[in-house]
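Engineer: Can you look at this prediction? I've put the sequence above it.
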Amino acid sequence: MNTFSLFKLPNLTAGLRACLAIISIAALNPVMSYASNTHNEHYDKLPLQFDGYQTLIQQYPKAKYIYPSSFTISKSNDLYIQYIFEPKQKTNVVVKYDKDRKFSGYALISNGGRGVGGEGLVIAKSPSGVESLVAGSNQGKIQFYDLERNFEGQQLHKNSEVNVGLFNEFAHYKDKWLVEANDGNMSIQNPRNKLVLLDEKFNVIKEIEQPLEYSGFITDFATHDAKQYNKRQGLSLGENFFISGYGAYYQLGKPQTLNTYPGYRVFDINGKLIQDNVSSPSDFFDKKPWLKPYSRIENEGVFFDPDRNLISAIYIYLDRKYPELVPKEGVLITYDTYISR
């Protein structure tokens with residue numbers, strides 16, 4: 001277990017906190033002398049720019065960078081993180097880490113393109129029974145890719161796809177699917193507050209309507225008041241409940257508007273709030289003194305692991321503009337024991 005001995009100053013303003021954090025980044029504080037992947041029972045710290053990142057970028061000259069957008073964990077505790085290109089390309093990237101969080105390579109999937117945020121990644125059997133890595137497309141579909149043992153930069157084979165009327169986010173548990181409904185168009189003004197629960201044959205079980213405060217908008221410029229609503233960033237499904245991840249991009253020192261508040265919430269299957277684990281960015285950082293240095297925070301999804309009874313969430317806490325740091329860290333995976341209430 002790696003821990004960091006960090007001082008804590010009381011009564012700091014947001015501006016002073018920002019200055020101190022950026023100074024610590026620029027100075028490359030000695031607390032940075034640890035292995036690239038930090039793991040204990042409560043969190044993993046992983047590189048924002050994985051091995052092979054720069055080589056991959058060079059293969060897509062129209063792309064400026066690749067960024068995490070969702071993740072999932074297998075029964076054997078392997079971790080898969082989906083990255084998307086910016087600007088969007090026709091291909092997305094899935095990076096794999098083994099159960100000890102050692103880098104195990106990456107593979108490509110053909111579900112990219114304009115309009116795809118990549119906010120969904122699960123492991124499930126395809127309609128034909130093939131164990132698959134499942135991602136969403138910009139055509140309302142979920143797409144099933146052969147889950148190969150080795151990730152060596154290859155394109156994964158798409159074995160099937162199903163049109164479920166998907167907008168962006170989705171989740172899977174046992175024989176059920178939960179999808180964010182596309183009500184008419186893919187506009188950024190879509191409030192995203194309608195979820196649909198489907199059976200294993202993709203028939204509708206029920207529709208779940210939630211208030212805007214639990215869904216938010218895709219971007220903070222979608223409407224004049226978008227910053228007043230916490231942005232949902234991903235879904236996960238359990239037995240008669242679901243989890244939503246929250247928190248748009250927050251840059252250190254900027255106003256802490258509601259859309260940026262990071263964390264997750266647990267709802268019953270009818271959409272009623274059960275647990276609220278969302279806080280301001282300042283509170284988030286204060287509860288994790290070992291996270292320094294950091295320059296930002298953004299949630300990019302949640303995952304419920306029924307075998308280990310854990311709720312996991314993924315956060316990005318460093319910018320790519322710190323090239324000396326992001327090959328070592330920048331991605332945080334947290335693990336919280338789920339306590340049913």
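Structural biologist: Nice, thanks for sending it over.

Engineer: Name the residues of the host helix or strand of Y83 that come out as buried.
Structural biologist: In this structure, Y83 sits in strand 79-86 according to DSSP states H and E. By neighbour count on 16 or more other C-beta atoms under 10 Å, the buried set for strand 79-86 is L79, Y80, I81, Q82, Y83, I84, F85. To be clear about C-beta, it is placed using only N, CA and C from the backbone, and glycine gets the same treatment.

Engineer: try stretch 162-181
Structural biologist: Of the residues in stretch 162-181, those scored as buried under the neighbour-count criterion (16+ other C-beta under 10 Å) are 162, 164, 166-173, 176-181.

Engineer: so of those residues, which ones are in strands?
Structural biologist: Among the buried residues of stretch 162-181, the ones falling in strands (DSSP state E) are 162, 166-173, 176-181.

Engineer: need the helices for the stretch 1-150 of the chain, in chain order.
Structural biologist: Read by DSSP state H, counting those that start in this stretch, the stretch 1-150 of the chain holds these helices, from start to end of the chain: 14-27, 53-58.

Engineer: coming back round to it: show residues contacting the strand holding Y83.
Structural biologist: By C-beta atoms under 8 Å, 6 or more residues apart in numbering, the list of residues contacting strand 79-86 from outside reads 44, 46, 60, 63-74, 91-98, 101, 109, 112, 116-118, 121, 123, 133, 135, 314, 331, 333.

Engineer: from these, which would you call buried?
Structural biologist: Neighbour-count burial (16+ other C-beta under 10 Å) is assigned, among those, to 44, 46, 63, 66-74, 91-97, 101, 109, 112, 116-118, 121, 123, 133, 135, 314, 331, 333.

Engineer: looking at the helices of the stretch 1-150 of the chain, which has the lowest confidence?
Structural biologist: Summarising mean pLDDT across the helices of the stretch 1-150 of the chain, the least confident stretch is helix 14-27, with a mean of 43.

Engineer: quick revisit: which ones among the buried ones among the contacts of strand 79-86 lie within strands?
Structural biologist: 44, 46, 66-73, 92-97, 109, 121, 123, 133, 135, 314, 331, 333.

Engineer: In the chain, which residue is most central in space?
Structural biologist: In the chain, the C-alpha nearest the mean C-alpha coordinate belongs to E300, at 2.3 Å (C-alpha atoms, centre = their mean).

Engineer: Could you name the helices and strands sitting against the helix or strand harbouring it?
Structural biologist: Taking DSSP H and E as the definition, E300 sits inside strand 296-305. With contacts defined as 3 or more C-beta pairs under 8 Å, 6 or more residues apart in numbering; DSSP states H and E, strand 296-305 has these neighbours: strand 65-73, strand 232-237, strand 241-246, strand 250-251, strand 263-268, helix 281-286, strand 310-316.

Engineer: Reformat these as JSON lines; add mean pLDDT.
Structural biologist: Rendered in JSON lines, the data for those read as follows (pLDDT from 0 to 100):
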{"stretch": "strand 65-73", "mean pLDDT": "97"}
{"stretch": "strand 232-237", "mean pLDDT": "97"}
{"stretch": "strand 241-246", "mean pLDDT": "98"}
{"stretch": "strand 250-251", "mean pLDDT": "98"}
{"stretch": "strand 263-268", "mean pLDDT": "98"}
{"stretch": "helix 281-286", "mean pLDDT": "97"}
{"stretch": "strand 310-316", "mean pLDDT": "98"}
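
Engineer: Could you save the ones you listed as JSON lines and add columns showing distance to F50?
Structural biologist: JSON lines is the format used below for the helices and strands packed on strand 296-305 (distance: least, C-beta to C-beta, whole Å):
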{"stretch": "strand 65-73", "distance to F50": "9"}
{"stretch": "strand 232-237", "distance to F50": "20"}
{"stretch": "strand 241-246", "distance to F50": "21"}
{"stretch": "strand 250-251", "distance to F50": "23"}
{"stretch": "strand 263-268", "distance to F50": "24"}
{"stretch": "helix 281-286", "distance to F50": "24"}
{"stretch": "strand 310-316", "distance to F50": "13"}
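
Engineer: Out of those, which is the most enclosed?
Structural biologist: Of the helices and strands packed on strand 296-305, the one with the most neighbours on average (mean count of other C-beta atoms under 10 Å) is strand 232-237, at a mean of 28.

Engineer: ok, that one: who's next to it in the sheet?
Structural biologist: In the sheet containing strand 232-237, its partner strands are strand 241-246 (antiparallel), by DSSP bridges.

Engineer: so where is the stretch 101-250 of the chain shaky, pLDDT-wise?
Structural biologist: Where the stretch 101-250 of the chain drops to pLDDT under 70, the residues are 115-117, 184-190, 218, 221-222.

Engineer: Let me see the contact set for the residue nearest to the centre of the chain.
Structural biologist: Shown in contact with E300 (C-beta under 8 Å, 6+ apart): P68, S69, S70, F71, E119, Q233, G234, G245, I314, Y315, I316.

Engineer: The same query, at a cut-off of 6 Å, please.
Structural biologist: Listed by C-beta atoms under 6 Å, 6 or more residues apart in numbering, the contact set of E300 reads P68, S69, Q233, I314.

Engineer: shouldn't the second one be in contact with G118?
Structural biologist: Yes. At 3.6 Å, S69 and G118 qualify as touching, with contact defined as C-beta atoms under 6 Å.
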